[in-house]
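prediction below, plus the sequence it came from.
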Amino acid sequence: MTLPTAEQDARIGATVARRIRLQGHVQGVGFRPFVYRLAMTHGINGHVQNQLGEVEVLAVGPAHAIDRFLADLVACAPPLASPSVVSVDALAAPARNDFRIIDSLDDATARVYVPPDFFMCDDCRRELRDPADRRHAYPFINCTQCGPRYTLIEALPYDRPNTSMKGFALCPECESEYLDPADRRFHAEPVACPVCGPRLSLVKAGAAATIDDTAGALADAVAAVDRGQVLAVKGIGGYHLVCDAGNAAAVARLRERKRRPHKPLAVMFPVAGADGLDVAREYVELSDEEADLAAGPMRPIVLAKRRANGRLAPNVAPGLDEIGVFLPYSPLHQLLLDSIGRPVVATSGNISGEPVITDNEEAEQRLGAIADAFLQHDRPIVRPADDPVYRRIGGRMRPLRVGRGCAPRELRLPWQQPAPLLAVGGHMKGTVALSWDNRVVVSPHIGEMDSPRSLDVFEQVARDLQSLYGVRAQRVVCDAHPGYTTNRWAQRRSRLPVETVWHHEAHASAVAAEFATEGDWVMFAWDGVGLGRDGTLWGGEALFGRPGAWQRFASLRTFRLPGGDKAGREPWRSAAALHWECGSDWQAGPDPDGIAKAAWESNLNCPTTSAAGRLFDAAAAIIIDLPTASFEAQGPMLLEALCRAAAPAVELDLVGGDDGVLRLDWEPLLDILGDRSREPALRAEIFHASMAAAIVRQAAVARERYGASLVGLCGGVFQNRFLAEQAVRLLEGQDFDVYVPQALPCNDAALSYGQAAEVAAREDVR
């Protein structure tokens, strides 16, 4: 783009006019008042206006001043903004003697950006703690640089009447700030104060009385946690279930009531120190990357290594050496943690697997058997957004779940599609993606798609994405598995043409699209199970090619799963099946009457699988004697937690099959897995090392056959840091270029994006 400059004007001091258009993250982040203040600084007249995803600036003034103003629009933008200048046009200079922020244009061609929910900024935190400030200790303090966005926006443009704050009329003082372009609360749409804004209340389970004043509700909530009770707290994107993280009895009470006996619980820490993490560091070890992310604007849950000081209740994350750590990100959380003064468990307020609950009445009904009291407020949450989760893998922070603070997540495609589509993902870790042109917007985490509430939220998010972005999907893309709820919804309820994408090809296309690297890929798609092209349950696949043209060239040796879906929660079934497949028995499984083996021998409800996830389940069942799991991937997580150092790998053969697919033979591992003369940790380390080495061997064959040197790792198995890091190190040692997802999780949360990418690649109309 060629920009007009001062030198191109008749004389250096000439009064000129420029129409400047900017795109990117320029709405909901205080960009217009920033432009206003910048114009005042440079002596520029004109205006700034939101135009549904773009910002237009009319700048009138001396040419040299406009040049500096233009440079500072990007260089000095607010921290939450990321503007880019897309055009600068010279105009005849109109007579202007002021600079104004004019009303948003709501009928422009949309290039919309929907901002996520932001953490409380430092300025608001200072006011929150200042007894002289009129918003002192106000749980809903915010400004243009912080506060809820996605969870309260009902329509665009992002103006107060289009949010769930429309029912809170501004008091004179707030209105004055809201209308003052020089104030940091100028058009901060959620702006409020104790006089005119939302208020807290506290309801005790089973009690008729309610504490309706904010200070009293907060004090009683703190007292409840101090007494060892379970508190349901309504935050920005939904409810948390909160209890004292150092009180093992309170944690046990929460676990028993939520029926979550072992799954790790996230812990929120009080803010202290320069980056806020001084208290957290007393309990966990934080790398620089982990600390930067935990203290950054997103405020996600970050998995960090637990210190062996025993100060957290041992049942917060039983058997694991990592804790999910996060800091307060809303003023309400900040006030709670300041008053409690110690870490608290803060886990999703939901029925396990469902989206987080957002409505006061529904929370009291559905969480009434879990929480002793409900700390809630009267600001409606338009749609849920659960907390994001990140883990450091291979030196980078990678998402395990996207949500509040980082989603909706907008990504680009290397291809141009002819018509907008809605990609509905898989069955687990559900997300929805809206895709048009070369843009894809991925929703926050929804949940597991096997409950009516999950389906309701799924449908709401699908509608809302189309409404907010002003894009109407013309077709639906879903997983090829006919048993998935999302597939059935697409076929029966979407009323749009339906296309399908194979599960592991969607995984592969998500990685290829994210990195947009030219050339053919070798993509390892390792996960639990997903339907494959041959009708079996895949999950240990090596695919070659590129989006729109994948072929399977290698896989794991198959085995039959007795009980089908039951094997996901009963790892003994996978362990037994591996032994039966090899002609031996495994006596440790709870099958005293031989029913499972009889079914296996008769091939009754025993689908064939090549899933690496089930192989990891089997290894956990054998090594650590875990016959059943109370949550997904419990066995592999416990197995990984045993590992400390790389061990010698067992070389596994690659055997050609009748279908032309190479099969990795895991049978030599069985004797080692069951060898009780070796420590469980050593057996776990050998298993991981062997699987990592097997990946490298398959990649080497692919390079020899096809000349490919791009390798991608995708699927939930690669959330395992010990495996992924060994595989990456070994592959890079053999001069492969290795890619692990960074923008989205490697698990099924990326399927919606991968589905959109796969279809776009097939139809590329560039």
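Noted; the coordinates are in hand.

mind saving the C-alpha coords of stretch 578-590 as PDB?
The C-alpha trace of stretch 578-590 is given here as PDB (Å, rounded to 0.1, in the frame of the first residue of the first chain):
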ATOM      1  CA  LEU A 578      -4.400 -56.500  23.800                       C
ATOM      2  CA  HIS A 579      -3.500 -59.800  25.600                       C
ATOM      3  CA  TRP A 580      -6.400 -61.700  24.000                       C
ATOM      4  CA  GLU A 581      -5.300 -60.400  20.600                       C
ATOM      5  CA  CYS A 582      -1.900 -62.000  21.200                       C
ATOM      6  CA  GLY A 583      -3.200 -65.300  22.400                       C
ATOM      7  CA  SER A 584      -2.600 -64.800  26.100                       C
ATOM      8  CA  ASP A 585      -4.700 -64.000  29.200                       C
ATOM      9  CA  TRP A 586      -4.700 -61.100  31.500                       C
ATOM     10  CA  GLN A 587      -6.100 -61.900  34.900                       C
ATOM     11  CA  ALA A 588      -6.100 -58.500  36.500                       C
ATOM     12  CA  GLY A 589      -9.300 -57.300  34.800                       C
ATOM     13  CA  PRO A 590     -12.600 -57.400  36.600                       C
END
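
that stretch: which residues count as buried?
578-581, 586, 589 (16 or more other CB atoms under 10 Å). (Each C-beta comes from the backbone N, C-alpha and C, glycine too.)

tell me the mean pLDDT for it?
The pLDDT scores in stretch 578-590 average 88.

which residues are contacting that stretch?
559-560, 572-573, 575-576, 596-597, 600-601, 615, 618, 621-622, 625, 627-628, 666-667, 670, 674 (CB atoms under 8 Å, 6 or more residues apart in numbering).

in a helix, Ala525, correct?
No: counting by DSSP: H, G, I helix; E, B strand; the rest coil, one finds Ala525 to be strand, located in no helix.

check the spacing between the nearest residue to it once chain neighbours are set aside and Ala295 real quick.
Once flanking residues are discounted, Ala525 sits nearest to His504: 3.9 Å by CB to CB, 6 or more residues apart in numbering. Counting by CB to CB, to the nearest Å, the gap from His504 to Ala295 is 36 Å.

again with Ala743
Taking CB to CB, one finds Ala743 at 21 Å from Ala295.

picking up where we left off before, export the buried residues of stretch 578-590 to a markdown table and tack on distance to Ser82 and secondary structure?
A markdown table is the format used below for those (distance: CB to CB, whole Å; DSSP: H, G, I helix; E, B strand; the rest coil):
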| residue | distance to Ser82 | secondary structure |
| --- | --- | --- |
| Leu578 | 50 | helix |
| His579 | 55 | helix |
| Trp580 | 56 | helix |
| Glu581 | 53 | helix |
| Trp586 | 55 | coil |
| Gly589 | 54 | coil |
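
now for the residues you listed: which two are most distant?
Farthest apart among those by CB to CB are Glu581 and Gly589. That separation is 14.0 Å.

run through the bridge partners of the closest residue to Val717 other than its chain neighbours.
Spatially, and ignoring its direct neighbours in sequence, Val717 is nearest to Trp526 (3.8 Å; CB to CB, 6+ apart). For Trp526, the beta-bridge partners are Gly540 (DSSP bridges).
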